[in-house]
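Trainee: Dropping a prediction and its sequence here:
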Amino acid sequence: MGNYDAIIIGAGHNGLVTAGYLARAGRKVLVLERRGLVGGAAVTEEIFPGFKVSSVADGVGYLSPTVRRDFKLDSHVETIDSDMIAFCPQPDGSQLTIHRETAKTVQEIARFSKADADAYPEFIELMQALAGVVGALGHMTPMDLPEVTFGDLRGAVRVLGPGRKLGRKRISELLRILPMPAADILNEYFESGAVKGAIGANSSLGVSFGPQESGTAYTMLNSWALSGNGLFRSAGVVKGGMGALCDAIASAARGFGAEIRTDAAVASISVEDGRAMGVILESGEELIANTVVSNADPRTTFMRLLDPRTLGTKLLQHVANIKYQGSGLRIHLALSALPQFTSLSTASGDDASARLGAPIQIAPSLDYIERAYDCSKFGRFSDSPFLDISIPSILDPSAAPAGQHLMSITAKYGPYELREGNWDTQKKAFADVVLNTLAEYAPDIRNLIQQRHVLSMPDLESIYGLPEGNPNHGEMILNQFFHMRPIPGHARYRTHIDGLYLCGAGCHPGGGVTGVPGHNAAREILKDSKQ
Amino acid sequence: MTRPTPFHSRTSALNEGQRWEDWEGFLAATMYSLDPLVEYNAVRLGCGIFDVSPLHKYEVRGPDAQALLQRMVVRNLAPSRPGRGFYTVWCDDNGKVVDDGGVFHIAENHLRLTSTLPSLEWLIDNSSGFDVTIEDVSEELVGIAIQGPTSRDLLRKLTNVDLSALKFWHCTDADVCDRPTLISRSGYTGDLGFEIFVRPEDAEKIWDSAMALAPDYQMRPCGLVALDMTRIEAGLLQIDTEFISAKQTLFEVQTISPLELGVGWMCKLDGDYFVGRDALREEKANGTSRWKTVGVELDVTYIEKYFSEFAMPLHLPERSWNEAVPIYADEAQEHLIGRGTSGMWSPLLKKYIVIARIPPQYEKLGSRFFIEEVIEAKTFSIPATVVKMPFFDPPRKKA
Ligand SMILES: Cc1cc2nc3c(=O)[nH]c(=O)nc-3n(C[C@H](O)[C@H](O)[C@H](O)COP(=O)(O)OP(=O)(O)OC[C@H]3O[C@@H](n4cnc5c(N)ncnc54)[C@H](O)[C@@H]3O)c2cc1C
C-alpha cells in the first residue's frame, strides 16, 4: 500500500466532506473509520429489525448548500420536507404548530396571544437578518487573535456583506443580543409561554443548559443560521435516515478518488520533530501521509491520538478546559401505530399525521425547560424532561415496517455524571420518566411500544466516540466560539504540529450535520499545500 | 489570616522582638534575636535551625512518577534513584521560569516535590498520560532545616542513621527522636546542612530535642534575614527577587529563562521533552538570551570615598537587600544595562557582594560596570566586577 497525501481520521460527515474536497483537488486521500459504518453521529442503524433508525442525529436541513451542491447530493439523497417545523403540544390539551409560512403561524399564535401574533413576523425578520451574519461567520476561518493578518481581513469580507445589510442599528442589536440569554430576548417580544417555549427550545437543544443562560441567544441564532428555511430549526427527514446522507457524501468522496476504510481505528498519530508523519492503527498497521486530518473531537485528538506527555502545558490546560458535558439521551421506540395526541383528538387523520411528521417539542414554556435543566445542574436527571421527538416513518414510510412507526426522542436533561448511581442502572428509570411525560400528551404511548432502545451519555461516548455524550465535540458556548474553538491558537483548523489538522465539529463553527467545519478545513489544508 | 506553623509554640517563645513576616500564608520569624548577625554567625560558625514548614510539598506516586517530574522540571532526572535529591527550576512552554524547588526520590515510584509557590494545579495539568497519583502534603509534613558546620554532629545525637554516609543532595528515611522523618542533606545556605521533613504532631518534640543540644553545638534559631544573607553568599536564587514566576506576571519583560537566570547548567536541552525545552533550545541556538545572572563584587573603597564627601565614615549595610538596583555601563550613568537583584556586605568574606542581572556581553569574569549607590540622597556609581558565584562555597558543604 502506497503513501497518502492525506489521511483523515474518522468518517463522520465532516471527515467525509474534507476527504471529498481534498480528493477532488487531486490529493490521494484515505479515510479511516473505527466503526463498521461511515457517518459518525449521522448514521442509520437497524436497531430494531426492519427499522431504519437515525440513532444519533436525525434533524436534517442544516447541511451547507455549498457541500450539497459540490457533492451533488440532491441527485443521490431524497430529503422529504415538512411544511411544519414544530408541533408543540401543551399540557392543557391545546397545541401550537409553527409552519414554514409566517401567515399560518401567526394564526396559530393568535390562539395564545394576539400581541405575540403581531410580534412574530417582526421577530423572525430580525432574527433572520442577524442569523445571516452568524451564518456568514461560520464559513470564515477564525482569526488568530490577537494577531490578525491581512489575509484574515480579506476573509472577513464575507461577513461584511450580510453585516452591511444589517445597517448600523441592527449591528448594535446583534452585538447586544448575541451574549444574551435566549429567554431575555424572547421575553422582550412575546408573552405566551407556549410561543416562547416553542422557539426557545432550540436555543437549548444542542447545549447542556437552559434558555436563561447567557449566550443561548447565540445558540438560537446559530440554529437559525443553519436551518436553511429562515426559521429557528429545520424539519423533514432524509429518506433512509441520516446514514443515507452520509453514504451519499461517502460515495461522492469515493467518486472524487478518496479511499475509505471502516473497522480501522487509529491508535495514534505519528509525530517526528513536530511534524505529523502518518498514523498507527490499533491493529498495529502503520500508514504514512503528508497530512493527517482528525475528524475526532479535540480531546480525543490531543489527549489520546497524540501523546499528551509531549504536549506543552498551556495546550494541555486549554484542552482540559474544553467543556463537553452532554445532556441529551436518545430514546428510540418501535411503535405498533401512530400515537394519539390529546391536542389532536379533534383533528382529521391527515392533519394529525402531518403535524406529527414535524419535530414534536415538549417544551411548553421557558420555565419548563429551565426547570428541566435545574435538575441536571445538581446531578439528577430531569423529572419533567424537555423532549424533542421525531416520527420519521410518517414522512418516510421506509423507516419502519408497514403499519408500524419509529419514534426517536432526544430527552433532556441528564447530566453526564449522575450524583447518585450511574447511567447503566439509571437509564431505564429516566426512560420511564420520559415515557410518563410523553403519556401526559399522548396517553396511549405505552400501549404502542414494541421495543425500546436507550442511549445514555456514556453510550454515546463509547459507541459513537462523542466524549461525555456531547453532540458537538465540545459545548457550543460563546467562550468556545470562533477563535476560541476548539482552543485559542488552534482555531484555524491547523494545530501546533505541522501537517496535522482538525476538521470535525470541535472546530469552528461547531456541531450539527452541516459539513461546514469539514469544508473550511479542506480549504485551509489546500491553501497550505499550495504554498 | 497568617497562620502559625506547628513549631509556633516554640518559635514564638524564642522570638525576642516578635518580628514575623508572611511566608506563603504562615508566620515566619524575621529574626529571633534583636541583631540578626548573631544568627548569621551561628550558621557559618555553629549551626542554625530554621522552621521551613511553609514550603509546599507534593507526593507523586506511581509507575510514571519520575517520568512526570522529568517532564516538568529542567533537570535531568535520569540518574535519579531512591535516595537522591535535586535542586531544580521548572518552566512554562515559553521556557520561562515558573518556580524552583527540590525533587526527592524517596522510594521506587515515589518522589516528592517541594516548591515555593503552590504547584498542585501545575502538577495535575502536566500529568495527562502519566500513571501517577498526586497528593498535596504541604500541611501533612512540616520541615526544619539545620544548617552550618556543626549541624551533622548535632543531628547525629538525634537520629539512628549514619549521617556520614549521607552525601550532598541525598536523602534517607530516618527516625529522629524515634519519630519517622525524611532527612535530606540539602538546604538554602550553601553550607553543610540538612532538611528534615517531619509530621506536624512530632514538630514540637523534635524541635525541643534539637534545642536541648543547642549550647553544645552553638546552634541558634534563625530567621529569614539570616537565611537571606547565607543564601546570597551561596549564590542561590530567590523567587520575587532574582526572578518572578512566569505564572505570576502577564508581562514578558518580567519573565526570565533558566539560561538567563544562571541555571542553564541544569537544563538538559539535548534530552527528552520537558516543558519549555523547545523554547530554551531556540534561545540557546539563536543566542537570544537577554540576560545573564552573575555574581559581582563592589569596590568598597569607592563607597568609603563617597561617604567622605559628607565627612562621614564608611557605612556598610548590616543586612542583605532585595530590591532592583540600577547597573550602568558608565560612571556617568548614561547607559543603564541591568540591575542588582540582591546584595549584602558579607561579614565572613569581608566583601560587598551582589547578584546581578546584566546583558550577556558583560558575563565574563572580570567584566566591569557600575552599580548605583545612594548616600545621603545623592546618587553615586560604584565600580563593580564580575566574580565567581557562589561567593562562598566551603568544602564542608559536600564533604
Ligand atoms: C443526541 C444527538 C442528537 C443530535 N441531533 C442532531 C440533529 O438533529 N441535527 C444535526 O444537524 N445535528 C445533530 N446532532 C449533532 C451532530 O450529530 C454532530 O455535531 C455531527 O454529526 C458531528 O459530525 P462530525 O463529522 O464532526 O463528527 P462525528 O460524526 O462524531 O464523526 C467523528 C468520527 O470519527 C470517528 N473516530 C473517532 N476516533 C477515531 C479513531 N481513533 N480512529 C478512527 N475513527 C475515529 C468516529 O467513530 C466518528 O465516526 C446531534 C448529536 C447528538 C449526540
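Mentor: Everything's here; your move. Numbers count the residues shown, from 1 in each chain, chains lettered A, B, ... in the order given.

Trainee: contacts and neighbour counts: CA atoms only from here.
Mentor: Will do.

Trainee: So which bits of chain B are right by chain A?
Mentor: B:71, B:92-93, B:125-130, B:273-276 (CA under 8 Å from any CA of the partner chain).

Trainee: Neighbour-wise, which one of these leads?
Mentor: B:Phe274 (30 neighbours; other CA atoms under 10 Å in any protein chain shown).

Trainee: Next up, the contacts around that residue.
Mentor: A:310, B:70-74 (CA atoms under 8 Å, 6 or more residues apart in numbering or on different chains).

Trainee: hang on, the earlier thing: looking at the residues of chain B next to chain A, which is nearest the ligand?
Mentor: Nearest to the ligand, judged by CA to the nearest ligand atom, of the residues of chain B next to chain A is B:Gly129 at 16.2 Å.

Trainee: Work out for me the element the closest one sits within.
Mentor: Using DSSP states H and E, B:Gly129 is not contained in any helix or strand.

Trainee: Break the chain into its domains for me.
Mentor: By default, I'm working from chain A. Domain ranges of chain A: A:3-75+A:242-323+A:473-529, A:83-234, A:325-464, per automatic domain parsing.

Trainee: other chain: chain B
Mentor: Taken from automatic domain parsing, chain B resolves into B:8-54+B:139-222, B:56-133+B:257-289, B:292-395.

Trainee: And these: which comes nearest A:Gln404?
Mentor: Minimum separation from A:Gln404 across those (CA to CA) falls at domain B:56-133+B:257-289, 49.1 Å.

Trainee: What's the mean pLDDT across that closest one?
Mentor: Domain B:56-133+B:257-289 carries an average pLDDT of 97.

Trainee: for stretch A:465-483, same thing?
Mentor: The average pLDDT within stretch A:465-483 is 94.

Trainee: what does stretch A:60-80 give?
Mentor: 94.

Trainee: ok, is that stretch in contact with the ligand or not?
Mentor: Yes. Stretch A:60-80 is in contact with the ligand by CA under 6 Å from any ligand atom, via A:60, A:62.

Trainee: quick one: terminal-to-terminal distance for that stretch?
Mentor: With CA to CA, to the nearest Å as the measure, the ends of stretch A:60-80 fall 10 Å from one another.

Trainee: End to end on stretch B:371-388, go ahead and measure it.
Mentor: Stretch B:371-388 has an end-to-end distance of 18 Å (CA to CA).

Trainee: Find the residue closest to residue 120 in space, skipping its chain neighbours.
Mentor: Because you didn't say which chain, this covers chain A. Leaving aside its sequence neighbours, A:Tyr120 sits nearest to A:Val106 (CA to CA, 6 or more residues apart in numbering or on different chains; 6.8 Å).

Trainee: please go with chain B instead
Mentor: With sequence-adjacent residues excluded and distances taken as CA to CA, 6+ apart, B:Leu120 is closest to B:Asp136, at 6.5 Å.

Trainee: got a list of what the one you found touches?
Mentor: With CA under 8 Å, 6+ apart, B:Asp136 has these contacts: B:56-59, B:120.

Trainee: Look up how far chain A lies from it.
Mentor: 19 Å (CA to the nearest CA, to the nearest Å).

Trainee: Buried residues of stretch B:188-204, list them for me.
Mentor: Neighbour-count burial for stretch B:188-204 flags B:188-200, B:202-204 (criterion: 16 or more other CA atoms under 10 Å in any protein chain shown).

Trainee: can you pull the alpha-carbon coordinates of that stretch into PDB?
Mentor: Output of stretch B:188-204 as PDB, limited to C-alpha atoms (Å, rounded to 0.1, in the frame of the first residue of the first chain):
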ATOM      1  CA  TYR B 188      19.400  27.100  51.300                       C
ATOM      2  CA  THR B 189      22.600  28.300  53.000                       C
ATOM      3  CA  GLY B 190      25.300  26.800  50.900                       C
ATOM      4  CA  ASP B 191      26.800  25.200  54.000                       C
ATOM      5  CA  LEU B 192      26.900  21.700  55.500                       C
ATOM      6  CA  GLY B 193      23.300  21.200  56.400                       C
ATOM      7  CA  PHE B 194      20.100  19.100  56.500                       C
ATOM      8  CA  GLU B 195      16.500  19.500  55.800                       C
ATOM      9  CA  ILE B 196      14.200  17.300  57.800                       C
ATOM     10  CA  PHE B 197      10.600  16.600  56.900                       C
ATOM     11  CA  VAL B 198       8.500  15.700  59.900                       C
ATOM     12  CA  ARG B 199       4.900  15.100  60.800                       C
ATOM     13  CA  PRO B 200       3.200  18.100  62.500                       C
ATOM     14  CA  GLU B 201       2.500  16.100  65.600                       C
ATOM     15  CA  ASP B 202       6.200  15.400  66.100                       C
ATOM     16  CA  ALA B 203       7.200  19.000  65.400                       C
ATOM     17  CA  GLU B 204       7.500  20.200  69.000                       C
END
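
Trainee: quick one: contacts of it?
Mentor: B:6-7, B:9-10, B:44, B:139-149, B:151-152, B:179-187, B:227, B:230-231, B:233-234, B:236, B:392-394, B:396-398.

Trainee: Let's see which of those residues end up in strands.
Mentor: Counting by DSSP state E, the part of the contacts of stretch B:188-204 found in strands is B:142-147, B:179-184.

Trainee: List the contacts of the nearest residue in space to B:Lys205 that is not next to it in sequence.
Mentor: Nearest residue to B:Lys205, sequence neighbours excluded (CA to CA, 6+ apart): B:Cys177, at 7.7 Å. Counting by CA under 8 Å, 6+ apart, B:Cys177 touches B:158-159, B:205-206, B:209.

Trainee: And A:Asp374, by the same measure?
Mentor: A:Asp374 is in contact with A:Ser382, counting by CA under 8 Å, 6+ apart.

Trainee: quick check, it in a helix?
Mentor: Yes. Counting by DSSP: H, G, I helix; E, B strand; the rest coil, A:Asp374 falls inside a helix.

Trainee: measure it to A:Tyr368 for me?
Mentor: For A:Asp374, the distance to A:Tyr368 - CA to CA - is 10 Å.

Trainee: So what does the residue nearest to B:Lys205 have for phi and psi?
Mentor: B:Cys177 adopts backbone torsions of phi 50, psi 40, taken as degrees, to the nearest 10.

Trainee: coming back round to it: quick check: which of the domains of chain B is nearest to A:Val77?
Mentor: Closest to A:Val77 of the domains of chain B is domain B:56-133+B:257-289 (CA to CA; 43.2 Å).

Trainee: Fine by me, we can end here.
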